[in-house]
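1. Sequence first, predicted model second:
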Amino acid sequence: MPRKLVLVVVDGMTPAAFERAVESGRAPGLAFLAEHGDYRKATSVFPSLTPVCLTSIATGAGPGVHHIPSLVWWHRQERRIVEYGSSFAALRAAGLSQSLVDTIFNMNERHLSKAATTVYEALEDAGLVAGAVNITCYRGRHRYLPALPGLHRAVHGPRRFFFYGLFESDRTGAPFAVRSRRAGSIDAYAAAVGRWLVTRDGFDFLTYYLSGYDFASHAAGPHGEAAERALEQTDAAIRTLLDSAGGPDQFLERYAVVLLSDHGQTPVREAARLQEPFADLVEQVVVTASNRAGQVYLQPGARIESAELAERLDGFPAVDVSLRLEGGDVVARREGADGPAEKLEHPDVAWRARSALANPNAGELLVSAAEGWELADLGGRHHAGGGSHGSLVAGDSYVPVVTVGLGTEIRRITDVAPAILAHFGVAAPESMEALARVG
Ligand SMILES: [Zn+2]
C-alpha cells in the first residue's frame, strides 16, 4: 500500500515568495518539505483566478472541461451574473443572497461540469477515504446539510469534509472559521481541523487549503513585509499539520506530500473599468471583470462580432491581450494586431488560451490585463496599491510546487489530480488532462 497523501494548497504564493520564505528561515515548515522533496515551478490556467484554479487542481482539467470560467461570469441560460466573491461590494451588486448560494452551493452542485471527475470522487470510487478542508472545489459522493440553522440545501463532498464550519463531516471542536479573516481565523480553522484529522489518521488523501496568504498579498502587494508575515502564519498552519503526526519526520513516514499554490500575484498600480470601451453596446454585450481578467459576452441578436469587440480594446492601457475563436482557431489581439496565441511569450499560453475559450460559460472575448493594471469588479473595487492576479503574464501564472514521495512530475496545476491517482494506483478518468496525455 502506498503512503497516504496530503495536498497542501497555499493560495496566491508565488515561486519568489516561497523561495524567500524558505531561504530566510522564516518558514521552517515549508523549508522542511523543500529539503525533503523536489521543487519546481508549474503553470496555472487562464484566467488565473482562484475558483478556476482550484477546480483545475481538483479535477485535473482546464476550464474547457470543468466549465468554471472565472470569479464572475454571465450565465447564458439563466441570463444573470454569477459572482463568487470578487469583493463584498461585488457580492452585493450581484445580489448578496444569490451570490452566496452560487458560491457555497451552485459552484459544485450546478456549475461544475458533470463530465469532470474530482480527485475525491475518483479515489472514493476506488474504495479510499478522501478529505477536503476549505477548498472551493469539493464535490464528492457524500451528502451534507449545512451546520447553520435556516439553510436546507444539501451539497455533496468527500467522506471527510470541512468547509468554513458550514459543512462538517465530523465534530472536531474547531473554532468557527469566519470570525475575523484579517486575524487569520480561516486558516486557524483549517489548522484545527487538520490537527484533528492527522491525529486520528482519518483519511487516505486530504486537501488542505490555506487562503490567508492571498488575502494579505492582495492588500499589501506580493513583495512586501506584510505578505512575508502572512506567509509565516501560513507556515504555522502547515507546521500544525506536521506536528500532529508527532513531528515532521513522523509526518513524512506516514504521508507523501504535494504542496503548491493555485496562481501567482503581481503588483497593481492602476485600475480601469472594462465596461468603458463597450458603454454604447449595453444591449448587445455583457462585460464581466474581476482582478486581472475580464470577459465580453455577446447577447442573442447582437449585431457586432467578436473581432470588433477586440478592436475596441486597441489602445486601452489596462489590456495586454484579448483572445477569441475564429473558425475554431484561437486569435490573440495585442497592440492593435491579430496573431496566433502561441506567438505570445506568456507561459503555456496556447493550451491555456484554448482551454479557456473551450468553456461554454466563457465570453466570446476573453481579456488578460496588462502588467500593473487591474479591472475593477462589479462593486467598483480593485487592489491598486496592492497585488492581484488573473492574467496570462508570468507573475500571475507560475506557481511553486514541492512534492515529497510522488512518482510523477507536476508541470501544470492540472497534473496534480492525475498524479495523485497514479500514486494510489487508481486509473485517471478521461476528463483529466494530464500533460503526459495531451502533450
Ligand atoms: Zn486572489
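-> All right, it came through fine.

2. CA atoms for contacts and neighbours, from now on please.
-> Fine.

3. Can you give me the neighbour number for the closest residue to Leu323 other than its chain neighbours?
-> Nearest residue to Leu323 in three dimensions, chain neighbours excluded: Ala332, at 4.6 Å (C-alpha to C-alpha, 6 or more residues apart in numbering). When neighbours are counted by other C-alpha atoms under 10 Å, Ala332 registers 24.

4. Ile186 is in contact with Tyr164, isn't it?
-> Yes - using C-alpha atoms under 8 Å, Ile186 is in contact with Tyr164, at 7.0 Å.

5. the more surrounded of those two?
-> Ile186 (24 against 20).

6. one step back: can you give me phi and psi for the residue nearest to Leu323?
-> As for Ala332, its main-chain torsions (degrees, to the nearest 10) stand at phi -100, psi 130.

7. isn't it right next to Val319, touching?
-> No - judged on C-alpha under 8 Å, Ala332 makes no contact with Val319 at a distance of 12.0 Å.

8. how close does Gly62 sit to Ala188?
-> Noted for Gly62: a distance of 30 Å to Ala188, by C-alpha to C-alpha, to the nearest Å.

9. neighbour-wise, which of the two wins?
-> Between Gly62 and Ala188, counted using other C-alpha under 10 Å, the more crowded position is Gly62 (32 against 23).

10. Might you report the residue contacts of that one?
-> With contacts defined as C-alpha atoms under 8 Å, 6 or more residues apart in numbering, Gly62 is in contact with Val45, Ser56, Arg352, Ser355, Ala356, Thr414, Glu433.

11. any idea how far the first one is from Ala216?
-> What that stands for is Val45. 22 Å.

12. More neighbours: which of those two?
-> Higher neighbour count among Val45 and Ala216: Val45, with 34 against 24, using other C-alpha under 10 Å.

13. Backbone dihedrals for the more buried one, both of them.
-> As for Val45, its main-chain torsions (degrees, to the nearest 10) stand at phi -100, psi -180.

14. nearest spatial neighbour of the residue of the chain positioned farthest from its centre, skipping sequence neighbours?
-> Distance to the chain centre peaks in the chain at Arg303, reaching 34.8 Å (criterion: C-alpha atoms, centre = their mean). Distance criterion C-alpha to C-alpha, 6+ apart; nearest residue to Arg303, sequence neighbours excluded, is Gln284 at 7.3 Å.

15. What score does the one you found have for pLDDT?
-> We have a pLDDT of 97 for Gln284.

16. what helix or strand does Arg195 sit in?
-> Using DSSP states H and E, Arg195 sits in helix 185-200.

17. Tell me the helices and strands packed up against that helix.
-> Counting contacts by 3 or more C-alpha pairs under 8 Å, 6 or more residues apart in numbering; DSSP states H and E, helix 185-200 is packed against strand 130-133, strand 205-210, helix 225-244.

18. Give me the mean pLDDT for stretch 196-205.
-> For stretch 196-205, the mean pLDDT works out to 96.

19. Render the CA-only coordinates of that stretch in CSV, please.
-> Coordinates of each C-alpha in stretch 196-205 appear next as CSV, following Å, rounded to 0.1, in the frame of the first residue of the first chain:
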residue,chain,number,x,y,z
TRP,A,196,-7.9,16.6,14.3
LEU,A,197,-7.7,14.6,11.1
VAL,A,198,-3.9,13.8,11.2
THR,A,199,-4.1,12.9,14.9
ARG,A,200,-6.7,10.3,14.0
ASP,A,201,-5.0,9.4,10.7
GLY,A,202,-8.6,9.7,9.4
PHE,A,203,-8.1,9.7,5.6
ASP,A,204,-6.1,8.3,2.7
PHE,A,205,-6.0,11.6,0.9
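
20. which residues touch it?
-> With C-alpha under 8 Å, 6+ apart as the criterion, stretch 196-205 contacts 4-7, 128-131, 160, 172, 241, 244-245.

21. which of the residues you listed count as buried?
-> Buried by 16 or more other C-alpha atoms under 10 Å: Lys4, Leu5, Val6, Leu7, Leu128, Val129, Ala130, Gly131, Arg160, Leu241, Ser244, Ala245, out of those.

22. so where do the strands sit in the stretch 51-200 of the chain?
-> For the stretch 51-200 of the chain, the strands defined by DSSP state E, counting those that start in this stretch occupy 72-75, 80-83, 130-133, 142-144, 155-157, 160-163, 167-168.
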